[in-house]
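Undergrad: would you be able to build a 3D model of this:
(one chain, ligands or ions: 1)
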Amino acid sequence: MKIMSRRILAVISVAALVAACSSSSATPTASSAASGATTCKEAANATPVEAVSWWTTGGESSGFNAIINKFNCDNPTYWVSNSAIAGGAGSVAQAALQSRVLAGNPPDTFQVHMGHELLDTYVTPGYMDNIDDLYTANGWTTQFPQGVLNIVSAKDSTGTLHYYSVPLDIHRANVLWFNKTVFSSNNLTAPTTWADFLTDAAALKAKGITPLAVGDNGIWASGMLLEDVLLAQLGSDGFNGLWTGATSWSSADVTTALNTFQQVLGFVNTDHSSLTWDQAADYLIPAAGAQPKAAMTIMGDWAAGEFDNKGFTDYGYAAAPGTTGIYQALADSFGVPKAAKQKAGVKLFLTLLGSAAGQDIFNPYKGSVPANTQAGNPPATAKQYSTYQKWAMGEWKTDKIVPSMEHGAAAAPSWKGAVETAVTSFVATPDVAALQTALVQACKDATVCK
Ligand code: GAL
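TA: Down below sits the predicted model:
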């Protein structure tokens, strides 16, 4: 009965989308030459659809607003709004979202990472509708890569597979960004090992240049650095094993990685704990006539969206040291909470988010590559993918893929929390043995290690 009504809903939704796109009932108010987009005004009787993200800055909010705008223009009976909650990586939004979902008052849809964050927090406890109807109606089971499909879905008690969210993007977490002028004037090229990184960093520091910008007022940014050194030391299989119990957290390799982590932290800006990730990325952008405040940063490729949005072009990029050929991936996705108020409207919105056309509106702003394999060719009048993104699209197809812990894919949220507590202590007072003990315990507490 329930499944039947969802199917009917999907048919209605798709029919409504086709009708809305072929009509020209939007109320245009202004045009943007850069994107070819038209901005529309909310109709007096439009039904509100609330979307919550943590995209409040640069390319992040521009991209989400662009796709929301497209939806609102094409579907004047609905009005999607972005109730964004500031705080990189969802460091503030995630707790707020969980409270709302638990209280039975969720937004109609919200940003959630594919993998454990989606499945452990919302799907297993039964807070989400499945969106199998959207997957079927739109052919998404053949349009998203299998590895992505695997972690936006779960089996029910009868063993039937269901889909619970639509991935909007694929981000790469393990990227090194550098100021090209600083690198060329110091005869440097992107370091491909952590040993090279440390040599280059020492040379830069000797010249009075801060080697690495970090903004860990959300500790996740330092957690990502830790993941990068572990990935370099252990390789893709060894790194994957950390999250399945196949790789021991007490091994000598992990100790080596933690020692490297400590050395790397010796080359970061002194004000790191007061900066957000984007403020740290901006340290690579020189003020007029001045030197940039730092030479490098290590951050997910939403940093490309930040640089592009600021009109900064003098940046180079490479896989984080020691991780060439490995793509540490995460995806932002959107689903339908069981208690959502506007299910028809939100499903129509999700239809756009998952489509190749929708992904080619959003991702060029965001620094990510599209999750839908049929996307990648925006119309000539729209914003195009950057040089970085074209490179990333190639890497995404050929690299080994590993999941991100900090961005919800690799580990349960409680495990991530335990790692972050340990990293917070370590950043304040580095003690490799204490960090390793805490990481070993965190894996046991997650019931993955014995
Ligand atoms: C990640 C998210 C990205 C970006 C980043 C910085 O968790 O997946 O889309 O928003 O945080 O806030």
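Undergrad: low-confidence ranges, the stretch 351-450 of the chain, go.
TA: Of all residues in the stretch 351-450 of the chain, none has pLDDT under 70.
Undergrad: give me the nearest residue to whichever residue of it sits closest to the ligand, chain neighbours excluded.
TA: When scored by CB to the nearest ligand atom, the stretch 351-450 of the chain has H407 as its residue closest to the ligand, at 4.4 Å. Any C-beta I mention is one placed from the backbone N, CA and C, and that applies to glycine too. Distances taken as CB to CB, 6 or more residues apart in numbering put L330 closest to H407, at 3.7 Å, once the chain neighbours are dropped.
Undergrad: pretty sure A173 is one of the things the one you found touches, is it not?
TA: Yes: assessed by CB atoms under 8 Å, L330 is found in contact with A173 at 6.1 Å.
Undergrad: what touches both of those two?
TA: 300, 404, 407 (CB atoms under 8 Å, 6 or more residues apart in numbering).
Undergrad: pLDDT of stretch 212-223, averaged?
TA: Mean pLDDT, stretch 212-223: 98.
Undergrad: show me where the stretch 201-350 of the chain has strands.
TA: 212-213, 296-298, 315-319, 326-330, 332-334 (DSSP state E, counting those that start in this stretch).
Undergrad: quick one: contacts of stretch 385-402?
TA: 147, 170, 172, 231, 236, 239-240, 301, 304, 308, 317, 319, 325-329, 363-364, 367-369, 376, 378, 410.
Undergrad: quickly list the domain ranges of this protein.
TA: Following automatic domain parsing, one finds the domains of the chain at 47-169+331-398, 175-328+405-445.
Undergrad: can you redo those domains as TSV with distance to T38?
TA: Below are the domains of the chain laid out as TSV (distance: least, CB to CB, whole Å):
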stretch	distance to T38
domain 47-169+331-398	6
domain 175-328+405-445	21
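Undergrad: export the ones you listed as CSV, with columns for mean neighbour count.
TA: Shown next, in CSV, are the domains of the chain (neighbours: other CB atoms under 10 Å):
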stretch, mean neighbour count
domain 47-169+331-398, 20
domain 175-328+405-445, 19
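Undergrad: need the CA coordinates for the longest helix along the chain. CSV is fine.
TA: Assignment by DSSP state H gives helix 220-242 as the longest helix of the chain. Taking Å, rounded to 0.1, in the frame of the first residue of the first chain, the C-alpha atoms of helix 220-242 are listed here in CSV:
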residue,chain,number,x,y,z
TRP,A,220,37.8,18.1,11.5
ALA,A,221,40.4,20.0,9.4
SER,A,222,43.3,18.6,11.5
GLY,A,223,41.5,15.2,11.5
MET,A,224,41.7,15.3,7.7
LEU,A,225,45.5,15.9,7.9
LEU,A,226,45.8,12.9,10.1
GLU,A,227,43.8,10.8,7.5
ASP,A,228,46.2,12.0,4.8
VAL,A,229,49.3,10.9,6.6
LEU,A,230,47.7,7.6,7.5
LEU,A,231,46.7,7.1,3.8
ALA,A,232,50.2,7.9,2.6
GLN,A,233,51.8,5.5,5.1
LEU,A,234,49.3,2.6,4.8
GLY,A,235,48.2,2.8,1.1
SER,A,236,44.6,2.4,0.0
ASP,A,237,44.1,-1.2,1.3
GLY,A,238,45.8,-0.6,4.6
PHE,A,239,43.8,2.6,5.1
ASN,A,240,40.5,0.9,4.2
GLY,A,241,41.5,-1.8,6.8
LEU,A,242,41.6,0.8,9.6
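Undergrad: is the ligand within reach of it?
TA: No: residues of helix 220-242 contacting the ligand under CB under 6 Å from any ligand atom: none, with a closest distance of 7.6 Å.
Undergrad: who are the packing partners of that helix?
TA: The contact analysis (3 or more CB pairs under 8 Å, 6 or more residues apart in numbering; DSSP states H and E) places helix 220-242 against helix 252-265, strand 296-298, strand 326-330, strand 400-403, helix 413-428.
Undergrad: chain center to the following helix or strand past the last one: distance?
TA: Taking DSSP states H and E as the definition, the helix or strand that follows helix 413-428 towards the C-terminus is helix 432-445. Shown here is helix 432-445, whose average C-alpha point lies 26 Å from the average C-alpha point of the whole chain (CA atoms, centre = their mean, to the nearest Å).
Undergrad: and the contacts of helix 432-445?
TA: By CB under 8 Å, 6+ apart, helix 432-445 touches 242, 245, 249-250, 254-255, 258-259, 262, 414-415, 418-419, 421-423, 425-426, 449-450.
Undergrad: which residue packs closest to whatever residue of the stretch 201-350 of the chain ends up closest to the ligand, ignoring adjacent ones?
TA: Taking CB to the nearest ligand atom, the ligand has its nearest neighbour within the stretch 201-350 of the chain at W302, 4.2 Å off. Nearest residue to W302, sequence neighbours excluded (CB to CB, 6+ apart): G367, at 5.0 Å.
Undergrad: quick one: average pLDDT of the helix or strand where Y135 lies?
TA: Using DSSP H and E, Y135 maps to helix 132-138. Mean pLDDT, computed over helix 132-138, is 98.
Undergrad: can the helix or strand following it be said to contact the ligand?
TA: Of the helices and strands lying after helix 132-138 in sequence (DSSP H and E), the nearest is helix 146-150. No: using CB under 6 Å from any ligand atom, helix 146-150 never reaches the ligand; the gap is at least 13.7 Å.
Undergrad: which other helices and strands contact helix 146-150?
TA: By 3+ CB pairs under 8 Å, 6+ apart, helix 146-150 packs against no helix or strand.
Undergrad: ok, the helix or strand that it is followed by: who's next to it in the sheet?
TA: Per DSSP H and E, the first helix or strand lying C-terminal to helix 146-150 is strand 153-155. Strand 153-155 sits in its sheet next to strand 161-163 (antiparallel), going by DSSP bridges.
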